[in-house]
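> Sequence first, predicted model second:
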There are 2 protein chains.
Amino acid sequence: MTASRPTMEDVAARAGVSRALVSIVFRGAAGASPATRERVLTAAAELGYQPDRRASRLGRTRTRMLGVVFGVGHAFHGDLVDSLYVAAADSDYEVVLSGVTPRRREDEAVRALQAERCEAIVLLGSTLPARALAELASRLPTVSVLRDVRAAGVDVVRTDDAEGLRQAVAHLHALGHRRIAHADGGQAPGAAERRRGYRTAVRRLGLAELPLLPAGLTEEDGARAAGAFLAGPAKDRPTAVTAFNDRCALGFVDAVRRGGVGVPERLSVVGFDDIRAAAYAHIALTTIRQDADALGRLAIERAAARLDEGAPPGRPAVVAPTLVVRATTGAPR
Amino acid sequence: MTASRPTMEDVAARAGVSRALVSIVFRGAAGASPATRERVLTAAAELGYQPDRRASRLGRTRTRMLGVVFGVGHAFHGDLVDSLYVAAADSDYEVVLSGVTPRRREDEAVRALQAERCEAIVLLGSTLPARALAELASRLPTVSVLRDVRAAGVDVVRTDDAEGLRQAVAHLHALGHRRIAHADGGQAPGAAERRRGYRTAVRRLGLAELPLLPAGLTEEDGARAAGAFLAGPAKDRPTAVTAFNDRCALGFVDAVRRGGVGVPERLSVVGFDDIRAAAYAHIALTTIRQDADALGRLAIERAAARLDEGAPPGRPAVVAPTLVVRATTGAPR
DNA sequence: TCCTCGTACTAGAGCGCTCTAGTCGGAGAG
DNA sequence: CTCTCCGACTAGAGCGCTCTAGTACGAGGA
């Protein structure tokens, strides 16, 4: 099995050239004749040689590795990871994943990435205290995606959450809704902005600001909020709800329907994120779409700018969300 | 920013010892007096020194890295990743994640891991052809989790899928169901075994084997199967359905309910996996639980046995599933 | 004919660690 | 008082690459 893998030395010997030449060929650098290049590649293939990235990174000054911390269970993080992989490849960076799970905390995930000598860290929906982020940013370019933090040196890439809620409320208002409530995300990244967006939008339209339905970021939280919703007397209920995110909206819709309240007949619901599942025909959630591709691309661009051009941390990059109307909203009866 | 991080050399100089001694301290190896150890640690802290893992792995013969390929959007993979992180830490291995996304194929993910010099590869629900797996296994210890493959050198860790379906069918039968159908997973890893398990169980109980409802592994697929289910005349419909997995079951239940068929009043549904979401109060899916912790632990054990003890690939490790009765099953009316 | 220049290639010094084979000094045995 | 042994520590050779500073050589110009 491990008769110790072939190294560059072996390839060089077989091709009858120096180690350096093999390196040139594998890096795609200039300075090797086509014929030799061919010969080296052939020798490598025969030996089943594959360059050792650890060693190559050690030898190089730059590692070109970008550490990405993500929540393993979070659907939208998955969409972002997809986009980060693509964007990084385009900029000739390599992404290294480090997952946060119920038994692996965010700071552990970050530490692992630092030990690997990633050149920059991208945090998806970080819940680290601002102090910890600033401390991290003092060591490495740090990009916080989805979470707006004011911490020294931390770059922020996020969706315009408030604008998203403005669109959601405007959509519901246009449909004729006047009693619109918000299922709140509490401490979750982005929740404060969305809460604020809801309040501003409602006030501007001259509508009543209804009490928040305490929810959170999972389906379970949404279902819990539905409980609170159903508990009130039917005639006082809002006719529409904007949810903190899609997962929350999904749980909310599900629970409310089972409580006998039809969606969208009796209640309209708007989510946030536009996770893949929201688009599924059987769910067809009206939602505020976060542009995962744009967010991913911007995050990589920020990191690359800091690294390649020595750019200072910039002001938050804010991506516009878009309303996606599907089947969970309609005119109130 | 990068005034080039401190190295062992810097720490050694500051603590007034040799580089080797610093190495000893950081590896926790024997051969340093408590006083010196303390001094080195202090110097390191003052400099903000953190050892470079790449370099340490290069110096070492063993990298003790385990590559894990997982589907970024798959809920159950997330549960497995959590358990793998824990199990690996216990065996003093380090897991390196490589995600499969809509735009990043499984073979790319595997290649990245090989280039990192992982010592073994763990594939979650691989869809690689058996040939490719055998080829991979000829280079590195390879463990296929959730997918039963007969490929030379590949270790398999999986749930007893057929037994799971036996339990599901037996549960439904005990409740009084006689017309039980299966929403099939098609080509997905494990689908063939579950299909077979369904057929065997139904036959043994003397029940009719109903036509498969073609589904798949996503909520969408489940909803599609529900369409087929609802299309038939009501009186010929099965009274219970076993679904390929939880996500599929969730989509199925949702669509069927909206088609006016109550669950569990008119139709009982059993899932498979017991993903976190299945347990949520508002979903409360009766399901066959795969033991993610056991699967993760066994996968690591297998890899470790091959690596540490030179053990040959063994026969498949099969984990028993368990029935978790929640609220989507009941007696037929 | 000599010199320059560019292309193809090589030597060898790192990169930041690990780890083997030492050295050194003092405590305990004889 | 010498000899051994052990614990504490160091020197230095790797690990598999990268990359700078070369060398060798043939073509082209004066």
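In hand now; what should we look at? The structure presented is a predicted model; accordingly, all values stated were derived computationally and were not measured.

> what sits against residue A:270?
With contact set as Cβ atoms under 8 Å, 6 or more residues apart in numbering or on different chains, residue A:270 has these partners: A:168, A:171-172, A:240-243, A:249, A:286-288, A:328-329. C-betas here are computed from N, CA, C, even on glycine.

> from those, which is closest to DNA strand D?
The shortest approach to DNA strand D among the contacts of residue A:270 belongs to residue A:288, at 44.3 Å (Cβ to the nearest atom of the strand).

> Quickly note the distance from the closest one to residue A:243.
Distance, residue A:288 to residue A:243, by Cβ to Cβ, to the nearest Å: 10 Å.

> Residue A:249 too?
From residue A:249 to residue A:243 the distance is 4 Å (Cβ to Cβ).

> intersection of neighbour lists for these two?
A:183, A:222, A:269-272.

> Looking at those, which is nearest chain B?
Set against chain B, the nearest of the shared contacts of residue A:249 and residue A:243 by Cβ to the nearest Cβ is residue A:222 (8.0 Å).

> Could I get the full set of helices for the stretch 151-300 of chain A?
Along the stretch 151-300 of chain A, the stretches classed as helices by DSSP state H, counting those that start in this stretch are A:161-175, A:191-204, A:219-231, A:246-258, A:276-279, A:292-309.

> Of those, which is nearest DNA strand C?
The closest of these to DNA strand C is helix A:292-309. By Cβ to the nearest atom of the strand, the value is 16.5 Å.

> Pull the closest one out as CSV, backbone CA atoms only.
Taking Å, rounded to 0.1, in the frame of the first residue of the first chain, the C-alpha atoms of helix A:292-309 are listed here in CSV:
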residue,chain,number,x,y,z
ALA,A,292,-25.5,33.3,-2.8
ASP,A,293,-23.3,33.6,-5.9
ALA,A,294,-22.8,37.3,-5.5
LEU,A,295,-22.1,36.9,-1.7
GLY,A,296,-19.6,34.1,-2.4
ARG,A,297,-17.9,36.0,-5.1
LEU,A,298,-17.6,39.2,-3.1
ALA,A,299,-16.3,37.4,-0.1
ILE,A,300,-13.5,35.9,-2.2
GLU,A,301,-12.9,39.2,-3.9
ARG,A,302,-12.5,40.9,-0.6
ALA,A,303,-10.1,38.4,0.7
ALA,A,304,-8.1,38.4,-2.5
ALA,A,305,-7.9,42.2,-2.6
ARG,A,306,-6.5,42.3,0.9
LEU,A,307,-4.0,39.5,0.1
ASP,A,308,-3.0,40.4,-3.4
GLU,A,309,-3.2,44.1,-3.3
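
> And the contacts of stretch A:250-258?
Residues contacting stretch A:250-258 (Cβ under 8 Å, 6+ apart): A:183, A:215, A:218-227, A:229-230, A:241, A:243, A:263, A:267, A:269, A:271, A:277-278, A:283, A:285, A:328, B:254, B:257, B:280, B:282-283.

> So for that stretch, what gets flagged as buried?
Neighbour-count burial for stretch A:250-258, counted by 16 or more other Cβ atoms under 10 Å in any protein chain shown, picks out A:250-257.

> Please apply the same query to stretch A:225-238.
By neighbour count on 16+ other Cβ under 10 Å, the buried set for stretch A:225-238 is A:225-226, A:229, A:237-238.

> So which of the residues you listed reach DNA strand D?
By Cβ under 7 Å from any atom of the strand, no member of the buried residues of stretch A:225-238 lies near DNA strand D.

> between those residues, which is nearest residue A:28?
residue A:225 (54.8 Å; Cβ to Cβ).

> Contact residues of the stretch 201-333 of chain A facing chain B?
A:218-220, A:222-223, A:226, A:251, A:254-255, A:257-258, A:276-277, A:280-283 (Cβ under 8 Å from any Cβ of the partner chain).

> just to revisit the earlier point, which of the buried residues of stretch A:250-258 lies closest to residue A:203?
Distance to residue A:203 across the buried residues of stretch A:250-258 (Cβ to Cβ) is lowest for residue A:252, with 23.4 Å.

> who touches the one residue in the stretch 151-300 of chain A that gets nearest to DNA strand D in this structure?
The nearest approach of the stretch 151-300 of chain A to DNA strand D comes at residue A:300, 21.0 Å away (Cβ to the nearest atom of the strand). The neighbours of residue A:300, taking Cβ under 8 Å, 6+ apart as the test, are A:66, A:84, A:87-88, A:90-91, A:93, A:122.

> which residue ranges form the strands in chain A?
For chain A, the strands defined by DSSP state E occupy A:65-71, A:94-100, A:120-124, A:142-145, A:154-159, A:180-184, A:213-214, A:240-243, A:268-273, A:287-289, A:317-319, A:322-324.

> at contact distance from DNA strand D, anything in the second one?
By that I understand strand A:94-100. No. Strand A:94-100 lies out of reach of DNA strand D by Cβ under 7 Å from any atom of the strand, never closer than 13.1 Å.

> Next, the residues that contact that strand from outside, please.
A:64-72, A:81, A:84-85, A:88, A:106, A:109-110, A:112-113, A:116, A:118, B:81, B:85, B:96-99, B:112.

> coming back round to it: okay if I get the contacts of residue A:270 as TSV plus distance to residue B:187 and pLDDT?
Formatted as TSV, the entries for the contacts of residue A:270 read as follows, by distance: Cβ to Cβ, whole Å; pLDDT from 0 to 100:
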residue	distance to residue B:187	pLDDT
A:168	39	98
A:171	40	98
A:172	42	98
A:240	42	98
A:241	39	98
A:242	40	98
A:243	35	98
A:249	32	96
A:286	33	98
A:287	31	98
A:288	35	98
A:328	32	96
A:329	36	98
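
> quick check, nearest of those to residue B:132?
Distances from residue B:132 to these, taken by Cβ to Cβ, are shortest for residue A:287, at 38.2 Å.

> From residue B:98, how far off is the closest one?
According to Cβ to Cβ, residue A:287 and residue B:98 sit 30 Å apart.

> between the two, which one's more packed in?
Between residue A:287 and residue B:98, counted using other Cβ atoms under 10 Å in any protein chain shown, residue A:287 has the larger neighbour count: 32 against 26.

> Name the nearest residue to that one, ignoring sequence neighbours.
The shortest distance from residue A:287 to any non-neighbouring residue, by Cβ to Cβ, 6 or more residues apart in numbering or on different chains, is to residue A:271 (3.7 Å).

> tally of neighbours for the one you found?
So residue A:271, with other Cβ under 10 Å, has 31 neighbours.

> could you list every residue that touches it?
A:243, A:245-246, A:248-250, A:278, A:285-288, A:328.

> Surely residue A:36 and residue A:21 touch.
Yes. Counting by Cβ atoms under 8 Å, residue A:21 is a contact partner of residue A:36 at 6.7 Å.

> who touches both of the two?
Joint contacts of residue A:36 and residue A:21 (Cβ under 8 Å, 6+ apart) are residue A:15.

> quick one, which of these two is more surrounded?
Neighbours per residue (other Cβ under 10 Å) separate residue A:36 from residue A:21, with residue A:21 holding more: 21 against 17.
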